[in-house]
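Mind folding the following:
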Amino acid sequence: MEKEKLYDLQNQRKTLIDEAREMALEGKHESEEYRERMERIKSLAGQIEAVRAAMDLDEPAEEPDWAEKSLRRLAYEPREDETVDAVKAFAAAARAGFPVEKAAGDYMSEGVDPDGGYTVPEDIVNRILRLRETRESLLGEVTVIPVKTKSGRRTIKKRSQHAGFVTVAEAAKTPKVTTPQYETLSYEIEKRSGYLPVTVELYEDSDANIAQEAVNWLAEESTATINKEIIAAVKENAETDLGDLDGIKRAWIGLGKAFRRTSKIHTNADGLLWLGTLKDKNGRDLLTPNPADPKQLQLCVGPYVIPVKDWDNDTLPSDGGKIPMIVGDLKEGIVYWDRRSFSIRVLDQAVIGEFNTAENDFILWKGSQRDDCTRRDNEAFINGYISGGAETPAG
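Have a look, this model is predicted:
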């Protein structure tokens, strides 16, 4: 039954994409009808993912071994009484205005943020991280390194520089080989902050609801912040106008074998529509589902079959008329340094933009997270784009 529903939703979405593509080709991309179709395409994409998730739940998961289970429990599954205590402690701190000085009482046992603000307890942080993992995020595409210090360095060797061992006869002297080239990456943890207005009535709510309000807010803001940081790191590579399908092929070949086997094209809904217009000489779509995994799209470019990862426009936005078409391996190209630290402070008398806490009878929470995002290997990806009005030649 669920499979039939999935096929029906996919067919509806394909029909709408075809219609939107035709309208775009006719120059009607600014019409109300076109926008309605785009909204419907976006809505159907969410429904499709929901059905797929439900189908995945029906499949028996592979049982992890006892060591992995223990690690998971230690890392993510505190005892129920510990979780309850953490929620109570957090709610008590919220009602007390997230005091920035240690005071008597268990709710301050987590300490104080050195820059001012209440440090969110570890159990609440773990809930934020788990919720963050359920959001659409570029974080899963890059290398994530947890850190505990404000700054530091890591020494890495680029994949393209691995030359391999040399053959040596028994009892013979090992010949000299090319000296490996290592690169030192530095990170400097920075504070990212944002605001959430909350009503005074929230403090009269249950401990669980107060904690959940903060968890939802921090997870959403953290995801959006990380996406922006990763995109900023990608843009440190000079932009490349791919122009057309041939440009994509040149970019793919230019990566070299060192990266092609783990690379893909990253684009957004605009790019997916553009790729959907590409056809071979027989009129067949060049953008197709992977037969081995229908959820994975692939683009046929001459002798190459390139995996395609599409993102929502909010996650990976177009820049004016430039549609992102990032080609490469972001896990090799970008490092996200995660301090896994959040803090909150209260601004009870503040004016942020047009928002005035006194006039609106609200309390303003200022939340902060600490992290950094840097390039790891600029040869691992190409910061490409396609112009919105680019020609789309047949393959």
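
contacts and neighbour counts: CA atoms only from here.
Fine.

How many neighbouring residues does R40 have?
R40 has 16 neighbours, counted by other CA atoms under 10 Å.

check contacts around it.
13, 16 (CA atoms under 8 Å, 6 or more residues apart in numbering).

Wait, a helix at it?
Yes - remark: R40 belongs to a helix, assigned using DSSP: H, G, I helix; E, B strand; the rest coil.

how far away is it from R153?
As judged by CA to CA, to the nearest Å, R40 and R153 stand 47 Å apart.

Next: V327.
In terms of CA to CA, V327 sits 27 Å off from R153.

the more surrounded of these two?
Between V327 and R153, counted using other CA under 10 Å, the more crowded position is V327 (27 against 10).

Please export the C-alpha coordinates of the helix or strand harbouring that one as PDB.
In the assignment (DSSP states H and E), V327 maps to strand 322-328. Extracted C-alpha coordinates of strand 322-328, given in PDB (Å, rounded to 0.1, in the frame of the first residue of the first chain):
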ATOM      1  CA  LYS A 322      23.500  31.600 -10.500                       C
ATOM      2  CA  ILE A 323      22.200  28.100  -9.800                       C
ATOM      3  CA  PRO A 324      24.700  26.200  -7.600                       C
ATOM      4  CA  MET A 325      26.300  23.100  -9.200                       C
ATOM      5  CA  ILE A 326      29.000  22.100  -6.800                       C
ATOM      6  CA  VAL A 327      31.000  19.200  -8.300                       C
ATOM      7  CA  GLY A 328      33.200  17.100  -6.100                       C
END
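
So the nearest residue to R95 once chain neighbours are set aside versus R127, what's the distance?
Of all residues not flanking R95 in the chain, Y203 sits nearest, at 5.9 Å (CA to CA, 6 or more residues apart in numbering). Per CA to CA, Y203 is found 20 Å from R127.

what about A45, distance to I145?
31 Å.

Looking only at neighbour counts, state which of the two leads.
Remark: of A45 and I145, A45 carries more neighbours, 15 against 11, as counted by other CA under 10 Å.

Y385 and P324 touch, don't they?
Yes - here Y385 reaches P324: they are 4.5 Å apart, a contact under CA atoms under 8 Å.

ok, the nearest residue to V144 once chain neighbours are set aside to V87 distance?
Nearest non-adjacent residue to V144, counting by CA to CA, 6+ apart: Y336, 4.8 Å away. Computed as CA to CA, the Y336 to V87 distance reads 29 Å.

and what of T225?
Taken as CA to CA, the span from T225 to V87 is 25 Å.

show me where the chain has helices.
2-25, 32-58, 66-76, 80-95, 122-133, 207-234, 245-255, 257-260, 269-275, 330-333, 357-360 (DSSP state H).

Deepest-packed of those helices, please.
With neighbours taken as mean count of other CA atoms under 10 Å, the helices of the chain reach their highest mean count in helix 330-333, at a mean of 23.

Can I get it in PDB, CA atoms only?
C-alpha atoms of helix 330-333 as PDB (Å, rounded to 0.1, in the frame of the first residue of the first chain):
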ATOM      1  CA  LEU A 330      32.900  17.900   0.200                       C
ATOM      2  CA  LYS A 331      34.000  15.400   2.800                       C
ATOM      3  CA  GLU A 332      37.500  15.700   1.500                       C
ATOM      4  CA  GLY A 333      37.100  19.400   0.800                       C
END
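
which other residues reach it?
Here helix 330-333 makes contact (CA under 8 Å, 6+ apart) with 141-143, 159, 263, 375-381.

May I ask which of those residues comes out lowest in pLDDT?
Least confident of the contacts of helix 330-333 in the model: R159, at 68.

got the end-to-end distance for stretch 230-248?
22 Å.

out of everything not next to it in sequence, what's closest to G367?
I344 (4.5 Å).

Distance-wise, check that neighbour relative to G117.
The gap separating I344 from G117 is 5 Å, by CA to CA.

Mind listing the shared neighbours of these two?
The contact lists of I344 and G117 share F98, where a contact means CA under 8 Å, 6+ apart.

of these two, who's got more company?
Each of I344 and G117 has its neighbours counted (other CA under 10 Å); I344 has more, 28 against 22.

Enumerate every residue touching that one.
Here I344 is in contact with 98, 117-120, 365-368 (criterion: CA under 8 Å, 6+ apart).

for E32, same thing?
Contacts of E32 by CA under 8 Å, 6+ apart: none found.

Would you quantify the distance from V198 to W217?
Counting by CA to CA - V198 and W217 are separated by 11 Å.

so what's K148 closest to, chain neighbours aside?
R339 (5.9 Å).

can you check V147 too?
Using CA to CA, 6+ apart, the closest residue to V147 is R339 (5.1 Å).

Who are the contact partners of the one you found?
146-149, 189, 370-371.

try it again with 10 Å
Contact analysis of R339 by CA atoms under 10 Å, 6 or more residues apart in numbering lists 145-150, 189-190, 369-372.

Columns pLDDT and distance to L278 on top of the residues you listed, output as JSON lines?
JSON lines is the format used below for the contacts of R339 (pLDDT from 0 to 100; distance: CA to CA, whole Å):
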{"residue": "I145", "pLDDT": "92", "distance to L278": "38"}
{"residue": "P146", "pLDDT": "92", "distance to L278": "41"}
{"residue": "V147", "pLDDT": "92", "distance to L278": "44"}
{"residue": "K148", "pLDDT": "89", "distance to L278": "47"}
{"residue": "T149", "pLDDT": "90", "distance to L278": "48"}
{"residue": "K150", "pLDDT": "90", "distance to L278": "48"}
{"residue": "I189", "pLDDT": "94", "distance to L278": "43"}
{"residue": "E190", "pLDDT": "93", "distance to L278": "43"}
{"residue": "Q369", "pLDDT": "95", "distance to L278": "42"}
{"residue": "R370", "pLDDT": "94", "distance to L278": "42"}
{"residue": "D371", "pLDDT": "95", "distance to L278": "40"}
{"residue": "D372", "pLDDT": "96", "distance to L278": "38"}
